[in-house]
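# What shape does this take:
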Amino acid sequence: MYSSAPQTSAPQTTQPIRVMLVDDQRLVRGGLSMLVNSQPDLQVVMEADDGLAAIDVFDRMVSEGQAPQVILMDVRMPHCDGLEAARRILERDGEREVSEDERVRIIMLTTFDIDEYVYSAVRAGASGFLLKDTPPEQLLEAIRTVHRGDAVIAPSATRRLLEQMIPVLDSPAPVVPTAPAAPAAESVPAIPPAAGSELPKATFIPAEHASFEPVQDYPHRELIEQLSPREFEVLGLIARGLSNAEITRELVLSEATVKTHVSHVLAKLGARDRVQAVIMAYEAGIAH
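Below you'll find the predicted structure:
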């Protein structure tokens with residue numbers, strides 16, 4: 001079951017971010033709708049009460065040229081849970097030829113702070129994972145953040161995500177892949193993360209220490225080898241949780257150049273966002 005959201009009549013200087021709500025509890029959807037629509041730059045355009053309905057709504061809105069840009073998706077729902085619905089929707093979205101601004105980003109919402117949900121959400125391609133008791137202002141900012149192509153993970157979920165990666169990092173390690181010869185990278189000082197929005201922090205292995213000549217294979221090798229030395233360096237800073245602005249200061253580049261490098265990294269890795277890029281860096285053993 002799904003329903004169109006009421007349209008606001010207030011004039012807009014720019015188009016608001018189109019938001020879709022998916023939750024089997026009408027009261028929750030109503031509260032989220034009021035919160036989101038209270039912001040001039042955000043607008044709820046559709047609601048659905050289970051995963052199957054969400055997939056149907058997404059397909060229909062795509063055909064009408066009005067696909068949502070951000071979806072707030074409950075994890076536990078009847079008929080089709082949010083994780084499966086997110087995976088299917090993102091598969092469909094990947095087949096569309098649209099700009100990055102029009103790509104759909106999904107934030108998973110749940111009452112339950114359960115380890116499996118965190119890792120499964122990232123694996124499904126979600127750009128965010130938040131608990132339903134997240135402060136309203138943080139939820140609103142999360143919508144804007146994922147729409148920009150960044151990612152948001154609840155602090156407790158960040159810890160669990162790292163715990164999920166420990167078996168990968170502790171397993172028999174392949175020869176660590178690094179980029180082709182590049183100028184030595186200075187060590188990056190720790191930067192305190194913004195509350196409630198940090199990505200997993202990692203120690204990245206500088207590019208000058210080795211080249212792509214491992215005896216053993218490692219995950220994502222062919223994709224990672226496509227990165228230029230600079231892109232490899234940018235991936236390292238992404239893995240440490242640095243924002244574009246922080247990368248700009250660290251590498252002494254313009255923000256436009258950094259955005260281009262980040263876009264190239266994500267495109268070459270086939271990663272939907274920074275969260276997936278961080279996971280790939282961990283799995284490949286180049287960040288720990």
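
# now the stretch 1-150 of the chain, which segments are flagged as low pLDDT?
Scanning the stretch 1-150 of the chain for pLDDT under 70 picks out the ranges 1-13, 113-116.

# Do a quick rundown of the strands in it.
Using DSSP state E, counting those that start in this stretch, the strands of the stretch 1-150 of the chain run over 2-4, 17-22, 42-48, 70-74, 105-110, 128-131.

# Any idea which of these gets closest to residue 55?
For residue 55, the closest of these is strand 42-48, at 8.6 Å, according to CB to CB. Using the backbone N, CA and C atoms, a C-beta is placed for each residue, glycine as well.

# neighbouring strands for that closest one, and are they parallel or not?
Taking DSSP bridges as the criterion, strand 42-48 sits next to strand 2-4 (antiparallel), strand 17-22 (parallel) in its sheet.

# Most tightly packed of the strands of the stretch 1-150 of the chain?
Burial of those is given as mean neighbour count (mean count of other CB atoms under 10 Å); strand 70-74 ranks first at a mean of 27.

# So what angle separates the directions of that one and strand 105-110?
Comparing the axes of strand 70-74 and strand 105-110 via axes from the mean of the first three to the mean of the last three CA atoms, to 10 degrees yields an angle of 20 degrees.

# Check which helices and strands strand 70-74 sits against.
strand 17-22, helix 26-37, helix 51-63, helix 82-94, strand 105-110, helix 136-147 (3 or more CB pairs under 8 Å, 6 or more residues apart in numbering; DSSP states H and E).

# Ok, which of those comes nearest residue 270?
Among these, the nearest to residue 270 by CB to CB is helix 82-94 (9.2 Å).

# could you give the angle of the closest one to strand 17-22?
140 degrees.

# wait, doesn't residue 272 sit right on residue 90?
Yes: using CB atoms under 8 Å, residue 272 makes contact with residue 90 at a distance of 6.8 Å.
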